[in-house]
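> below is the sequence, then the predicted model.
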Amino acid sequence: MTRWLLACVILLGFGILRTPLEIRIDKEKQTAGFSRPSPSKELREQLGQSGFLAALGGFRSMLAAVLWIDAHAAWERTEWGRMAALFQAVTTLQPRSPLYWDMASWHMAWNAGSAAYQNPDQPSEALRLRAQKQYWDLGKDFLQRGILNNPNEFSLYERLAILERDKYQDFCAAAKNFDAAASLPGAPEYLKRFALYSLALCPGKEKEAYEKLRSLAGETDSRHLPGILHHLQQLEEKLGIPKEKRVNSQKKNPGN
């Protein structure tokens, strides 16, 4: 108990000494459009008393890293509930770190979700599917909150689009988020194609996707042309495009 009290005093003392610097940094961040969330009641519950004091004392980054290691250990032991709680604490401590949101989502939606469906102790497939869906939803929630805290991070939009496409089969939502990712600074070119590939599978958007893919085919790198042509051919069949007007036909007869 004495050691614990001494540690608390040291942490609080360090926090007091850091206060002027923290205030100046926070003002600079606010001026630049950033803000750091204040410790909340939920964070206190997640971290416990000593962890909450550490966060107050200015050790957010260090504490988040320690909890992240603990979450990884929980993953190795397949302690999904504990892992989810630790990820919640980590992302609350470091909301401006896209990596934490990304990895938390991946562990919940992909690892925990797959484990829930393959659970040998649950004979009911319906219950396994429901548990799997709950983990997908947790993963999706991490990405959505990550985007709210990092609105200019294209990778989080991309991960959300992949989750919507591969797990939910929601191609309309996937197309929207791939497109949002493609519009952000530093985004790779392939995201434009992925947005249209998903749009091609979105009910009612086939014609729009076809026109955009045809336009893209004329300006894209030849390395990526086979993939675009594959999706165009599928859309031509679905839309009933006359054979003489199809892409392959016009390539063979460029004068037409």
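Sure thing, it's come through. Numbering: from 1, shown residues only.
> what's the local residue count around Pro95?
Per other Cβ atoms under 10 Å, the neighbour tally for Pro95 reads 20. Placement of C-beta: from N, CA and C, glycine included.
> ok, it - contacts?
Counting by Cβ atoms under 8 Å, 6 or more residues apart in numbering, Pro95 touches Pro37, Trp101, Arg145, Gly146, Asn149, Asn150.
> quick one: it and Tyr210, what's the gap?
40 Å (Cβ to Cβ, to the nearest Å).
> now do the helices in the stretch 101-250 of the chain.
With DSSP state H, counting those that start in this stretch applied, the stretch 101-250 of the chain shows helices at 113-117, 125-149, 154-166, 171-182, 190-199, 206-217, 225-239, 247-252, listed in chain order.
> tell me which of those sits nearest to Leu67.
Set against Leu67 and scored by Cβ to Cβ, the helices of the stretch 101-250 of the chain come closest in helix 125-149, at 14.7 Å.
> for the closest one, packing partners?
Packing contacts for helix 125-149, counted by 3 or more Cβ pairs under 8 Å, 6 or more residues apart in numbering; DSSP states H and E, involve helix 80-93, helix 98-106, helix 113-117, helix 154-166.
> which regions of the stretch 151-256 of the chain lie under the pLDDT threshold?
For the stretch 151-256 of the chain, the stretches with pLDDT under 70 are 220-222, 248-256.
> over to the stretch 1-150 of the chain?
Within the stretch 1-150 of the chain, the stretches with pLDDT under 70 are 1-59.
> OK, contacts around Ala180?
Contact analysis of Ala180 by Cβ under 8 Å, 6+ apart lists Tyr157.
> I should have written Phe142 there, sorry.
Counting by Cβ under 8 Å, 6+ apart, Phe142 touches Phe87, Thr91, Trp101, Ala104, Ser105, Met108.
> what is the neighbour count of the last one?
Other residues within reach of Met108, judged by other Cβ under 10 Å, total 25.
> quick check, it in contact with Gly139.
Yes - counting by Cβ atoms under 8 Å, Gly139 is a contact partner of Met108 at 4.1 Å.
> any chance of the backbone angles for Gln169?
Reported as degrees, to the nearest 10, the phi and psi values for Gln169 are phi 60, psi 30.
> in CSV: the helices of the stretch 101-250 of the chain, plus distance to Val66.
Below are those laid out as CSV (distance: least, Cβ to Cβ, whole Å):
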stretch, distance to Val66
helix 113-117, 25
helix 125-149, 19
helix 154-166, 24
helix 171-182, 31
helix 190-199, 34
helix 206-217, 46
helix 225-239, 43
helix 247-252, 56
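> go through those helices and name the closest to Ala71.
Closest to Ala71 of those is helix 125-149 (Cβ to Cβ; 12.1 Å).
> run the chain-centre distance for the closest one.
Distance, stretch centre to chain centre, for helix 125-149: 11 Å (Cα atoms, centre = their mean, to the nearest Å).
> ok, now stretch 84-99?
On the basis of Cα atoms, centre = their mean, stretch 84-99 is displaced by 12 Å from the centre of the chain it belongs to.
> can you list the buried residues in it?
Counting neighbours by 16 or more other Cβ atoms under 10 Å, one finds that the buried residues in stretch 84-99 are 84-98.
> coming back round to it: with neighbour count and distance to Glu158 added, can I get the contacts of Pro95 in a markdown table?
Shown next, in a markdown table, are the contacts of Pro95 (neighbours: other Cβ atoms under 10 Å; distance: Cβ to Cβ, whole Å):
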| residue | neighbour count | distance to Glu158 |
| --- | --- | --- |
| Pro37 | 12 | 25 |
| Trp101 | 28 | 12 |
| Arg145 | 18 | 16 |
| Gly146 | 27 | 12 |
| Asn149 | 18 | 16 |
| Asn150 | 18 | 12 |
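> between those residues, which is nearest Leu239?
The shortest approach to Leu239 among the contacts of Pro95 belongs to Gly146, at 36.9 Å (Cβ to Cβ).
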